[in-house]
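**Q** Using only what follows, build the 3D model:
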Amino acid sequence: MTQLSVNINKVATIRNARGGNVPDIVQVATDCEKFGAQGITVHPRSDERHIRYSDVHQLHRQLTVEFNIEGNPSPQFMQLVLEIKPHQVTLVPDAASALTSDAGWDTIVHGNFLTDIVTELKQAGIRSSVFVGTELPFIEAAAKTGADRIELYTGPYAHDYPKNKEAAVLPFYEAAKLARSLGLGINAGHDLSLENLGFLIKKIPFIDEVSIGHALISDALYFGLEKTIQMYLCELRIKN
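**A** Numbers count the residues shown, from 1 in each chain. Below is the predicted model:
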C-alpha cells in the first residue's frame, strides 16, 4: 500500500504565530504515528518560519516511523541532515523566499550538483528523493544522479483535476511509468487532498509514498486529527 507521510509544517506555522509551544510539534507528530501515519515530513527553511532546526532534532529523538526531511540542499541543510541521518531526504529546488515549493528540478542543468549531493547522502546511508515535474527527460536525468526515488510535484495535477481528471493524471502516469522502468521509487506530493488523492492512487497504484500537509491539517480542523488521518489512509487502501 502507498504510505502516508504527514507534513507538519502547517502545525509549526500555527505555533510560531503566537510563540511558545502550542501546539506542541513533537506531540502532534507522535500522535500522527499513533493514529496510523507511516511517516512524518518536515521542510525546514533557512528563515525557520515554520519548522525550526531545533524541531528537527527533537523529532528525530522521538519518532519511530519514517522521517522525511525535504529542502534545498544548501550547506546549512546538508549539515542538518547529515547530523540527523533521517530515513529519507527529499531534494527540493525552492528559493529561501519561496512561499511553497512550486516546481521540480531541471535535473539536466543541475545533474552534476545533484549527483554530488545524492552521493553524499548515500555514503551516510540516507535514501534520497529528487523533486521533479513530469518532464520525461528530467526523470531520465534524475535516474542518472543515482537517486533512490523521485517525488512527483503534483500541484498541476491538483489544479487540473476539477476540469478533467483523466487528462490531469495522464502525464503523471507516464512519468511514473518511466521512473519505475528506470528503477526509481516514486513518491508524490503537493496539493493532494481527500478530493483528488484516491484517483491518483487508483491510476498509479505503484506510488510508494505520498507526503501531505496543507490539506490534511486543514481537514483536521473539521474532522479532528485522528479521523482525518484515517480518512486519508482509507483513500489509499480502497484504491490499491
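
**Q** For the rest of this, base every contact and every neighbour count on C-alpha atoms.
**A** Will do.

**Q** show me what contacts the most centrally placed residue in the chain?
**A** For the chain, Ser211 is the residue whose C-alpha lies nearest the centre (C-alpha atoms, centre = their mean; 4.0 Å). Applying C-alpha atoms under 8 Å, 6 or more residues apart in numbering to Ser211 gives the contacts 4-7, 41, 187-190.

**Q** just the strands in this structure please.
**A** 3-7, 39-42, 66-71, 88-91, 127-132, 149-153, 185-189, 209-212 (DSSP state E).

**Q** Take those and write them to a markdown table, including mean pLDDT.
**A** Shown next, in a markdown table, are the strands of the chain (pLDDT from 0 to 100):
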| stretch | mean pLDDT |
| --- | --- |
| strand 3-7 | 98 |
| strand 39-42 | 98 |
| strand 66-71 | 97 |
| strand 88-91 | 98 |
| strand 127-132 | 98 |
| strand 149-153 | 98 |
| strand 185-189 | 98 |
| strand 209-212 | 98 |
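
**Q** Distance to Lys227 added to the ones you listed, as TSV?
**A** Formatted as TSV, the strands of the chain follow (distance: least, C-alpha to C-alpha, whole Å):
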stretch	distance to Lys227
strand 3-7	14
strand 39-42	17
strand 66-71	21
strand 88-91	27
strand 127-132	29
strand 149-153	26
strand 185-189	21
strand 209-212	15
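
**Q** For Gly111, which of these is the nearest?
**A** For the strands of the chain, proximity to Gly111 was assessed by C-alpha to C-alpha; strand 127-132 is nearest, at 10.9 Å.

**Q** Kindly list the longest helix within this protein.
**A** Determined from DSSP state H, the single longest helix within the chain is helix 165-181.

**Q** got a list of contacts for that one?
**A** Residues contacting helix 165-181 (C-alpha under 8 Å, 6+ apart): 134-136, 139-140, 143, 150, 152, 156-158, 160-161, 185-186, 200, 203-204, 207.
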